[in-house]
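# Let's see this in three dimensions:
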Amino acid sequence: MSGQKSLCGPHVELVKTEGVRITRCPCGTLHLTLSKNGATIQLSPEYFAEVVQALGLARTVLAGLQPSAEHPTTVLDPGRFVTLSPFDPKKPSN
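Numbers count the residues shown, from 1 in each chain. You can find the predicted model right below:
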């Protein structure tokens, strides 16, 4: 990172748990902060949605379950990895 601060203004806190904080910048960028290690990831709203979908699918795989029919863009391969097709925020199935 360049270390430069954004001049966008104050962030709106969307979610704060013991381990994660998610804020929205006035420019629309979402900031996902992992509280345990202090890492912050800046994401566009579209990419944030893709990351959230992938995290949910990873949770499903870790629980030993097959991805459900509500995630038709996923395929569970024999190596226990989930493959996502390209994310399209305009498609209601995503």
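# how does the protein divide up, domain by domain?
1-43, 45-94 (automatic domain parsing).
# Least reliable of the ones you listed by average pLDDT, please.
Per-segment mean pLDDT for those reaches its minimum on domain 45-94, at a mean of 67.
# list the contacts for S44?
Neighbouring residues of S44 by C-beta atoms under 8 Å, 6 or more residues apart in numbering: G28, T29, L30. Yep, even glycine has a C-beta here, placed from its N, CA and C like the rest.
# Scan these and report the most crowded one.
Compared across the contacts of S44, L30 has the highest neighbour count, 20 neighbours, by other C-beta atoms under 10 Å.
# how close does it get to H11?
9 Å (C-beta to C-beta, to the nearest Å).
# what do these two both touch?
Contacts common to L30 and H11, judged by C-beta under 8 Å, 6+ apart, are T23, R24.
# what's around L32, how many residues?
19.
# Now do the SS call for the closest residue to R21 other than its chain neighbours.
Closest residue to R21 apart from its sequence neighbours, by C-beta to C-beta, 6 or more residues apart in numbering: T33 at 4.4 Å. Counting by DSSP: H, G, I helix; E, B strand; the rest coil, the backbone at T33 sits in strand.
# doesn't V20 make contact with T33?
Yes: if you go by C-beta atoms under 8 Å, T33 and V20 touch, sitting 7.0 Å apart.
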